[in-house]
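Engineer: based on what follows, work out the 3D shape:
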Amino acid sequence: MSEAPARPVPAITPEMAPFWEAARRHELVVQRCLDCGAHRFPAREVCSGCLSRRAEWQRVGGTGHVFSIAVMHQASHPWFAARVPYAVVVIQLVEGPRMLSTVTGLAPHAIEIGMPVEVGFEDVTPEVSLPVFRPASARTAAPPTGRPR
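Structural biologist: Predicted coordinates:
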């Protein structure tokens, strides 16, 4: 009997290490420009709003909405083969940045653009916890925001 393939995990780069350290603690953080206040994700050396190089990692609320959806019907990695179809979503956080993730607790075709979501975490290895999103409860649902700053 063969072993099931291991789940792929993201590479932890030095630039994104603070994000992954926070995720391991089940906290969601993004960079925030110290000059104009814009939030950004993933980590970048320069703010696209004001070109400042000064930034800090800041904890965010973890709520937002589904910005876009792609339902995958073919697996790009053996671990995903037993999971097709599955949804890959772009979540727009209330603070503005967008991040690639998934929505748990719903069939892929039940996920809708604009759906309010909240973050949860999936512990994959002792070093890696992935932020995943679930439909938001009525008390945490936030309306979709406009363009990110």
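
Engineer: which residues in this protein form strands?
Structural biologist: Ranges of strands in the chain, per DSSP state E, are 29-33, 39-40, 55-59, 63-72, 86-93, 98-101, 116-123, 129-135.

Engineer: of these, which is nearest Ser48?
Structural biologist: Ser48 sits nearest to strand 39-40 of all the strands of the chain, at 7.0 Å, using CB to CB. In short, each C-beta sits where N, CA and C put it, glycine included.

Engineer: what packs against the closest one?
Structural biologist: Helices and strands touching strand 39-40, by 3 or more CB pairs under 8 Å, 6 or more residues apart in numbering; DSSP states H and E, are strand 29-33.

Engineer: please work out the average pLDDT along the strand it packs on.
Structural biologist: The average of the pLDDT scores along strand 29-33 is 97.

Engineer: strand partners (parallel or antiparallel) of that strand?
Structural biologist: Partners of strand 29-33 in the sheet, by DSSP bridges, are strand 39-40 (antiparallel), strand 55-59 (antiparallel).

Engineer: quick one: it to strand 86-93, angle?
Structural biologist: Using axes from the mean of the first three to the mean of the last three CA atoms, to 10 degrees, the direction of strand 29-33 lies 40 degrees away from that of strand 86-93.

Engineer: go ahead and confirm Trp57 touches Glu27.
Structural biologist: No: here Trp57 lies out of contact with Glu27, judged by CB atoms under 8 Å, at a distance of 9.9 Å.

Engineer: the residue nearest to Met115 when sequence neighbours are not counted: what's it in contact with?
Structural biologist: Closest residue in space to Met115, ignoring its immediate chain neighbours: Val66 at 4.6 Å, by CB to CB, 6 or more residues apart in numbering. By CB atoms under 8 Å, 6 or more residues apart in numbering, the contact list for Val66 reads Val89, Val90, Ile91, Gln92, Val103, Ile111, Glu112, Ile113, Gly114, Met115, Val117, Phe133.

Engineer: any weak-confidence spans in the protein?
Structural biologist: Low-confidence segments of the chain (pLDDT under 70): 1-2, 138-149.

Engineer: ok so, going back, give me the beta-bridge partners of the residue nearest to Met115?
Structural biologist: Taking DSSP bridges as the rule, Val66 bridges to Ile91.

Engineer: now do Pro116
Structural biologist: Applying DSSP bridges, one finds that Pro116 bridges with His65.

Engineer: do you know how far it is from Thr125?
Structural biologist: 30 Å (CB to CB, to the nearest Å).
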